[in-house]
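> Mind looking at a prediction? Sequence and model below.
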Amino acid sequence: MILTIRHETVYRYTAPLAYTIQQLRLSPRSEPQQRCLAWQITTAGKLHAFTDAFGNLGHMLTITGPHDEVRIEVEGVVDVSSPERGRLQDQNGLSPLLFTTPTPLTAPTANIRDFAAHYLPGTRLPTLDGVQSVRSDDLLKLADAICAAVAYQGGATVVTTSADDALLLGRGVCQDHAHLFLACCRAHHIAARYVSGYIDPGSSAHAESHAWIDAWVDDDDFCGWVSIDVTHACFLNDSYCRLALGRDYDSAAPVRGVRRGGGDEKLEVHVSVASSPSVQ
């Protein structure tokens, strides 16, 4: 599938800023199931490319001198294929053990441990030192349970909302679904990682800017990373473009930064994703 993506992020301020620095993870990952055909980031200031510890392609944006707006425009075309049952050909060489450690956003509280115990099987033999094995079908059941427990509602949470807070609230968005899934996995020492990117929403009302997870599974015919969209309780297919992965939102956020001055801030985000068949 060919995905044509446009993403505009605009920060407006009530007073001039003297300095802005933003860390951008807005470029598609280079992976076997997706190929970037064209991609461009347009913004004021200077962009310096880097690759982070998780293999994400990023840019450091710096803007100096008085300004009252930061506008970041991204557009491009990505050719995406559909891996069988979301199975990834992982090539970054990172140990799954890196993705078993809880974070403040994915801490497995007592409430989460109780929730996870209903949907994840008991401990099995580890597939790697300290990493518990799990089947992909069990993880889909967990995704279904999370969708039932945390209804999708835009604006109900913020980027600092933890998995436990979202579960108690019973409402959230894709980011909260992903964090709760990660927290459940970490309660059972199952390796799982956060993924940010885009989705062609089709007839769904869910936003084109999206978040989901990868989990390390041990099926009868496959052992490795499987990508699961928790919000839709399905495996990754050719409707998804992967931007970045990490332990949680904080390490895979599309845009993060700090500023000097500016007064109050207003954020506007516009994303569109259109699909067409790949040319063979």
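Thanks, I have the structure now.

> Now do the residue nearest to residue 11 when sequence neighbours are not counted against residue 62, distance only.
The shortest distance from residue 11 to any non-neighbouring residue, by Cβ to Cβ, 6 or more residues apart in numbering, is to residue 70 (4.3 Å). In this view, the C-beta of every residue, glycine as well, is placed from N, C-alpha and C. When Cβ to Cβ, to the nearest Å is applied, the distance between residue 70 and residue 62 equals 11 Å.

> Give me the more crowded residue out of the two.
Using other Cβ atoms under 10 Å as the criterion, residue 70 and residue 62 rank with residue 70 on top: 24 against 13.

> Could you check how many residues crowd around residue 65?
The burial count assigned to residue 65 is 11, neighbours taken as other Cβ under 10 Å.

> To clarify, my last question referred to residue 91.
Using other Cβ under 10 Å, residue 91 is surrounded by 10 other residues.

> Please give me every residue in contact with it.
The neighbours of residue 91, taking Cβ atoms under 8 Å, 6 or more residues apart in numbering as the test, are 31, 32.

> For it, what are phi and psi?
Here the main-chain torsion angles of residue 91 (degrees, to the nearest 10) amount to phi -130, psi 10.

> Which parts of the chain are helices?
Across the chain, reading from the start of the chain, the helices by DSSP state H fall at 110-117, 136-149, 163-169, 174-187, 249-252.

> on that earlier part again, which residues do residue 70 and residue 62 both contact?
Residues touching both residue 70 and residue 62 comprise 20, 22, with contact defined as Cβ under 8 Å, 6+ apart.

> What residues sit buried inside stretch 60-70?
For stretch 60-70, the buried set under the neighbour-count rule, 16 or more other Cβ atoms under 10 Å, comprises 61, 63, 67, 70.

> Would you mind measuring from the closest residue to residue 116 other than its chain neighbours to residue 133?
Spatial nearest neighbour of residue 116, excluding adjacent residues (Cβ to Cβ, 6+ apart): residue 184 at 3.7 Å. The span separating residue 184 from residue 133 equals 15 Å under the rule Cβ to Cβ.

> Neighbour count: those two, which is higher?
Set residue 184 next to residue 133 and count neighbours by other Cβ under 10 Å: residue 184 wins out with 28 against 18.

> So the more buried one sits against residue 120, correct?
Yes. The pair residue 184 / residue 120 is scored as a contact, 6.5 Å apart, by Cβ atoms under 8 Å.

> residues bridging contact with those two, i.e. touching both?
In the contact map built from Cβ under 8 Å, 6+ apart, the residues linked to both residue 184 and residue 120 are residue 142.

> mind saving the C-alpha coords of stretch 107-125 as PDB?
Provided in PDB are the C-alpha atoms of stretch 107-125 (Å, rounded to 0.1, in the frame of the first residue of the first chain):
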ATOM      1  CA  ALA A 107       4.400   1.200  36.000                       C
ATOM      2  CA  PRO A 108       2.500  -2.100  36.800                       C
ATOM      3  CA  THR A 109       0.600  -1.000  39.900                       C
ATOM      4  CA  ALA A 110      -1.400  -3.500  42.000                       C
ATOM      5  CA  ASN A 111      -4.500  -2.400  40.100                       C
ATOM      6  CA  ILE A 112      -2.800  -3.200  36.800                       C
ATOM      7  CA  ARG A 113      -1.400  -6.500  38.100                       C
ATOM      8  CA  ASP A 114      -4.900  -7.600  39.000                       C
ATOM      9  CA  PHE A 115      -6.300  -6.600  35.600                       C
ATOM     10  CA  ALA A 116      -3.400  -8.300  33.700                       C
ATOM     11  CA  ALA A 117      -3.800 -11.500  35.700                       C
ATOM     12  CA  HIS A 118      -7.300 -12.100  34.200                       C
ATOM     13  CA  TYR A 119      -6.000 -12.000  30.600                       C
ATOM     14  CA  LEU A 120      -2.400 -13.100  30.500                       C
ATOM     15  CA  PRO A 121      -1.500 -16.800  31.100                       C
ATOM     16  CA  GLY A 122       0.600 -17.900  34.000                       C
ATOM     17  CA  THR A 123       4.300 -17.900  33.900                       C
ATOM     18  CA  ARG A 124       5.800 -20.200  31.300                       C
ATOM     19  CA  LEU A 125       9.400 -21.000  30.500                       C
END
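
> All set, thanks.
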